[in-house]
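Asks: here's my sequence, what's the structure:
(chains A and B)
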2 protein chains.
Amino acid sequence: MDKDFVDELNELLGDRFSDSESVRSNYSKGEDIFDPVLPLGVAFPNTTEEISEILKICNNFKIPVVPFGAGTSLEGQVVGIKEGISISLENLNKIIEVNKDDFDCRVQASVTRIQLNNYLKDQGVFFPIDPGADASIGGMCATSASGTMAVRYGTMRTNVLGFTIVLPTGEIIKTGGRSKKTSSGYNLTGLFIGSEGTLGIITEIQLRLNPIPESIISGICHFKSLDDAVNSAKEIIQFGVPIARIELLNADQMEISINFSNLSDLQVSPTLFFEFHGTEKGNIESIENCKEISEGNDGFKFKWSKDFKERNKLWKARHDVYWSVKALKANARVYATDACVPITNLAECIRFAEKEIQDLSLKAPIIGHVGDGNFHVTVLYDPQNKEDFKIIRNFSDKLVKKTLDLGGTVTGEHGIGLNKKEYLLLEHPTSLNLMKSLKKTIDPNNIMNPGKIFD
Amino acid sequence: MDKDFVDELNELLGDRFSDSESVRSNYSKGEDIFDPVLPLGVAFPNTTEEISEILKICNNFKIPVVPFGAGTSLEGQVVGIKEGISISLENLNKIIEVNKDDFDCRVQASVTRIQLNNYLKDQGVFFPIDPGADASIGGMCATSASGTMAVRYGTMRTNVLGFTIVLPTGEIIKTGGRSKKTSSGYNLTGLFIGSEGTLGIITEIQLRLNPIPESIISGICHFKSLDDAVNSAKEIIQFGVPIARIELLNADQMEISINFSNLSDLQVSPTLFFEFHGTEKGNIESIENCKEISEGNDGFKFKWSKDFKERNKLWKARHDVYWSVKALKANARVYATDACVPITNLAECIRFAEKEIQDLSLKAPIIGHVGDGNFHVTVLYDPQNKEDFKIIRNFSDKLVKKTLDLGGTVTGEHGIGLNKKEYLLLEHPTSLNLMKSLKKTIDPNNIMNPGKIFD
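Replies: Numbers count the residues shown, from 1 in each chain, chains lettered A, B, ... in the order given. Modelled structure (predicted):
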C-alpha cells in the first residue's frame, strides 16, 4: 500500500482504518459463490462527510473502493479488491427520522430492514420490502432488491424517495425528496438504485412506509403438480386478487423444509404460501377467491389462519428455506439462479429448470416469488470440486438463455455483481455501452467497485 | 437553413419534411404559457430507423431537435427552437402487441392513452395513468406524468417496463424488458422517464397494464372548509383505505364547474371526489370508511353510486375542470402550479396558496390529487398583459418557496420544461451538476431539446 495513502487515511480515521488480516478477512466477500479476496484495508467512517474525505483520497491515489453493507449480497457485489480498500458502512446505522403520518422515513445506509421494522412497529407503519436476509437498506438500494412482498408493495425502485450520495470525487449530493411523486429533473435516485456501488456510495435513504394492515391472513395449499401450483398463482394474479405475498416451494424444497423443521402436518408436494393484508372482511373474501382458484387446479389441504402464531406456523417452511438448504451440507456454497419472466411463461421456465436439474441428478430445490414471475433454483455444491461448478454454471447458462427466450430478465432481484456479467451482455446488448459511458462520466478513475456489473 | 442539411432530410423523408409556415406553426408550442416559436421545419418519420437517420443528420449538422408528441405538455417542453427542427412522432401510432394475461403491452410513442384504453377495453385490462389530457404515451414518459389514479396505480415511473430509444447519435437502444421487475444493470428506463426529450427520442414503450376492476364505485362529498376536505383525504390515506382516486376541488373551482356544466345539485364548497376499484363488497366497505371519515370532518351530502351513468354524473364537475376554466376567458392562457408536498403539510400549503390568491384578488381555482399531496392552482391571464404575468409569476415563486419549506417538490407531474428551470435549481442545488454531466455524455452536441429542464 502507498505509504502516503495510508498516512492520509490514518490521519482521517485513526484506528477506524484497519489493515489487520482478520478485519480484512471479515470484509472479503458476501453470501456469494466466490473465493474471498482480502482488500488492502477496511475503513469504518462515521459520517457522510468522512466518506466524502475517504473518496477524495482514494480518487486522488486511484485506489479502488468496495462499499460494504450487511454483506448479504449473493452475486459477488462486495467481494474485496486486492489493490483496493473496503468501506464498511456499519457505523451509519441510525434511523434519522420517521414521519409516520406521511408514511416516510429517513435512515442511514446500514440500518437493516429488521432493525427498521422493530423501530417502527409501535407507530403503526412498516417497511414492506423483504428479501429474506436482514440486509442493510443501503445494500438493498444498491442491488435493487425486492423479495416476497413485491407483488403488493413493489420493489426498492418503488419505495425509495431519495438519497444522500457521495460521488467518487467526494462531492455530496441529495436526490429526490419527501413527496410521493416528482417530475423535477432527471431521476438520479432511480439511476443509483441497482448501481451496485459502482457509481458512488449511498449514505442516507428516504423511504416510503406503509400502514400496518388492520388484518393479516396467511394460507397454504398443496398441489399435485408444479404446473397446477404455478397456474393457480397465475390465475390469482390475473383475477386481480389483492395478494400481499404468494410464494411457491417445489417438492424438493418442501421435503428439505419438512425435514429441517419437523413439519409433520405438511406434505412433500409443490405448495403455495399466501398472505393477505387489508381489512378482515376483504382478506376473507380474497382467501376464498384463492381457495376456489387453487382447488380448481387440484389444490388440496388448503389451510388458512388469521392468528399470529398459527400464521407463523403455516409459513414456517417458507421462512426457514435459506437455513434448511444451508444445513444440508457443511461448507457447501449455494448457487442461486434468479430468472424472472412474464407470468404466462413461468410454468414453462420452471418446468425447464426442473427437467435440467433432474437430467443432471442435482439436488436443487426451487422457491418462487411467483406473483412476479421470479424464482430461484438453489443448487448446493462443494467449492473444492471444480467439475461440479462447471456443471452448475452450464445449467445456469442454459436457464438464462431459456429465460431470455421467454421474454424474461437474467436477474429479478439479486443483481449482476461478478457472477452475471456475461448474462447482462446477453440481455442488454444494445444498451451496455450507454451504461459504461454513464459509469465513466460519474467515476472517471474507475474507483467505485470496479469489475462489478461490467468490466 | 443549411442547404445540405435540407437536402439530406428531403432525400430521407421526401414530403414528410415540411418547412411551410402553417405546418411549422402547428408544431411551435404545447398547452403552455409561452409564445409560439416556429422551428425551421418539421419532420414526420414513420419508423424508429428513420428517426435514427434524422438524428444522425441533425447531430452531424449540429441542428437542435424538439420531439413533438400530442402537444399537451404544460411547461414549454415542446416549444419550438428557431434554429432547429421539430420531429412529430404522430406516425408512430401503432399498438404493437398486447399480452393481456401478463398485463403488459408494447406501443409506439404517439399512441395516446385514450386510444390505448379503447383498444384494450374488450380484453379486460386497462392502462391506469390519467393525466387528464389525451396525451401520447411517449410524452407521458418524457414528462413523468401521473394524474388522478397515481394514488392507487403509481406514476409512469412505476408503469413503464422498457423502451426503444434513439440516442442523439442515432444509435438505437432497447432498455428494460417484459418482466415485472429486474435488477439487470443500470436503470436506463428510469433515467429516460422525465428526461423531457433532452436525452434522446423514445419510440416504443413497454407498459404495465391492470385488470379492469370487477366493480367501480364513485362518490363525492362537500365540506364546509378546505381544511376539512384536505384533512379527510389525509385520514383516508392514513387509514389505508385502498382508494383509486381522491380528488379535491376548492370552492372557486366548484363554482366554475357548476356554472359550466349546469350542475344544479352540487354546492359551491370544497369537495372531494372518490373512486374505488375492487370487488363490490370491498368497495362498499371502503366507501363506508370514507363516508365515516368525511362526516367526522363535517363533510355533508355524501353521495355514491356504482352505476356507470350515475358515476359519470357524480364526477362531471371533476372531469370538465380543464374546459370549464378555459371557457372563462377567450384567448387567455392558464398558468398551472404543480406543488407536491408530504400529505401532513398539504392543508398548510393549499391554505397558503388560497390566501396569496385572495390577497392578489386573482381568480384561481384549485384542483388537487390530494392522495399524493399534489395540487394545481390554475390562474387565468391575458398574455398581452405583461404586468399580470409578473404578478402571477411572483405568486408562483412564493408558492414554490413555501412548497420546498414544507418538504415538497416544485413539480409533481408537469415537469420542468422552460418554465421551472430556476425552481429546479432551488430544489436540487447539489445534484444539478450531475444532471448536466449526464446530458453532456449522452448528447455531446446538445442537439436534444436544448434549453429545456436546464440551460
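Asks: which of the three states applies to the nearest residue to residue A:82 once chain neighbours are set aside?
Replies: Excluding its sequence neighbours, the residue lying closest to residue A:82 (CB to CB, 6 or more residues apart in numbering or on different chains) is residue A:37, at 5.9 Å. The way it works is simple: take the backbone N, C-alpha and C, and place the C-beta from them, glycine included. Under the three-state scheme (DSSP: H, G, I helix; E, B strand; the rest coil), residue A:37 adopts coil.
Asks: my read: residue A:37 touches residue A:81, true?
Replies: Yes: Residue A:37 sits in contact with residue A:81 when judged by CB atoms under 8 Å, with a separation of 6.6 Å.
Asks: neighbour count: these two, which is higher?
Replies: residue A:81 (21 against 17; other CB atoms under 10 Å in any protein chain shown).
Asks: ok, now which ones touch the more buried one?
Replies: Shown in contact with residue A:81 (CB atoms under 8 Å, 6 or more residues apart in numbering or on different chains): A:37, A:39, A:64, A:66, A:449-451.
Asks: and what of residue A:450?
Replies: Counting by CB under 8 Å, 6+ apart, residue A:450 has contacts A:64, A:81, A:84, A:198.
Asks: how about the residues of the stretch 51-200 of chain A by chain B?
Replies: A:99, A:101-104, A:143-146, A:150, A:154-155, A:157-158, A:167, A:171-175, A:177-188, A:190-191, A:193-195 (CB under 8 Å from any CB of the partner chain).
Asks: and the residue nearest to residue A:82, its phi and psi?
Replies: phi -120, psi 120 (degrees, to the nearest 10).
Asks: what distance do you get for it to residue A:73?
Replies: Using CB to CB, to the nearest Å, residue A:37 is found at 14 Å from residue A:73.
Asks: looking at chain A, which helix or strand is least sure?
Replies: helix A:321-326 (a mean of 88; mean pLDDT, DSSP states H and E).
Asks: who touches that helix?
Replies: Contacts with helix A:321-326, where a contact means CB under 8 Å, 6+ apart, come from A:132-133, A:249, A:253, A:256-257, A:259-261, A:332, A:334, A:365, A:367, A:378, A:380.
Asks: go again with 6 Å.
Replies: A:132, A:256-257, A:260, A:367, A:378 (CB atoms under 6 Å, 6 or more residues apart in numbering or on different chains).
Asks: before we move on, what about stretch A:13-24?
Replies: By CB under 6 Å, 6+ apart, stretch A:13-24 touches A:9-10, A:38-39, A:41-44.
Asks: PyMOL command to pick out the buried ones of those?
Replies: If you want just the buried ones from the contacts of stretch A:13-24 in PyMOL, going by 16 or more other CB atoms under 10 Å in any protein chain shown, the selection is:
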select buried, chain A and resi 9+38+39+41+42+43+44
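Asks: which pair in the contacts of stretch A:13-24 spans the largest distance?
Replies: A:10 and A:38 (18.9 Å; CB to CB).
Asks: and stretch A:385-393, what's its mean pLDDT?
Replies: The average pLDDT within stretch A:385-393 is 93.
Asks: pull the lengthiest helix in chain A out as PDB, backbone CA atoms only.
Replies: Selection of the longest helix in chain A by residue count, based on DSSP state H, yields helix A:386-405. Provided in PDB are the C-alpha atoms of helix A:386-405 (Å, rounded to 0.1, in the frame of the first residue of the first chain):
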ATOM      1  CA  LYS A 386     -14.400 -27.500  -9.800                       C
ATOM      2  CA  GLU A 387     -16.100 -30.100 -12.000                       C
ATOM      3  CA  ASP A 388     -19.400 -29.700 -10.100                       C
ATOM      4  CA  PHE A 389     -19.200 -25.900 -10.500                       C
ATOM      5  CA  LYS A 390     -18.800 -26.300 -14.300                       C
ATOM      6  CA  ILE A 391     -21.900 -28.400 -14.500                       C
ATOM      7  CA  ILE A 392     -23.900 -25.900 -12.400                       C
ATOM      8  CA  ARG A 393     -22.700 -23.000 -14.400                       C
ATOM      9  CA  ASN A 394     -23.600 -24.800 -17.600                       C
ATOM     10  CA  PHE A 395     -27.100 -25.300 -16.200                       C
ATOM     11  CA  SER A 396     -27.300 -21.700 -15.200                       C
ATOM     12  CA  ASP A 397     -26.200 -20.700 -18.800                       C
ATOM     13  CA  LYS A 398     -29.000 -22.800 -20.200                       C
ATOM     14  CA  LEU A 399     -31.600 -21.400 -17.900                       C
ATOM     15  CA  VAL A 400     -30.500 -17.800 -18.700                       C
ATOM     16  CA  LYS A 401     -31.000 -18.500 -22.400                       C
ATOM     17  CA  LYS A 402     -34.400 -20.000 -21.800                       C
ATOM     18  CA  THR A 403     -35.300 -17.100 -19.600                       C
ATOM     19  CA  LEU A 404     -34.400 -14.600 -22.300                       C
ATOM     20  CA  ASP A 405     -36.200 -16.600 -25.000                       C
END
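Asks: quick one: buried residues of the helix or strand that it is followed by?
Replies: Downstream of helix A:386-405, the next assigned helix or strand under DSSP states H and E is helix A:421-427. Of the residues in helix A:421-427, A:421, A:423-424, A:427 count as buried by neighbour count, 16+ other CB under 10 Å.
Asks: now swap in stretch A:19-29 and tell me
Replies: A:19, A:23-24, A:26-29.
Asks: of those, closest to residue B:431?
Replies: Closest to residue B:431, out of all of those and judged by CB to CB, is residue A:27, at 29.4 Å.
Asks: residue A:67 is in contact with that closest one, correct?
Replies: No: if you go by CB atoms under 6 Å, residue A:27 and residue A:67 don't touch, sitting 10.5 Å apart.
Asks: related to what we said a few turns ago, can I get the contacts of residue A:450 in CSV with pLDDT, secondary structure and distance to residue B:315?
Replies: Shown next, in CSV, are the contacts of residue A:450 (pLDDT from 0 to 100; DSSP: H, G, I helix; E, B strand; the rest coil; distance: CB to CB, whole Å):
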residue, pLDDT, secondary structure, distance to residue B:315
A:64, 98, coil, 58
A:81, 98, coil, 59
A:84, 98, coil, 59
A:198, 98, coil, 48
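Asks: looking at the residues you listed, state which has the most neighbours.
Replies: Result: residue A:198 is most packed of the contacts of residue A:450 (other CB under 10 Å), 27 neighbours.
Asks: ok, that one touching residue A:448?
Replies: Yes: with contacts counted by CB under 6 Å, residue A:198 reaches residue A:448, the gap being 5.1 Å.
Asks: how about residue A:333, what does it touch?
Replies: A:33, A:383.
Asks: tell me the pLDDT of it.
Replies: pLDDT, residue A:333: 90.
Asks: phi and psi next, for it.
Replies: Torsion angles, degrees, to the nearest 10, at residue A:333: phi -110, psi 160.
Asks: same deal with the one 10 residues further on?
Replies: Phi and psi for residue A:343, reported as degrees, to the nearest 10, are phi -60, psi -30.
Asks: that one and chain B, how far apart?
Replies: Counting by CB to the nearest CB, to the nearest Å, the gap from residue A:343 to chain B is 6 Å.
Asks: quick one, what contacts that residue?
Replies: A:234, A:237, A:373, B:102.
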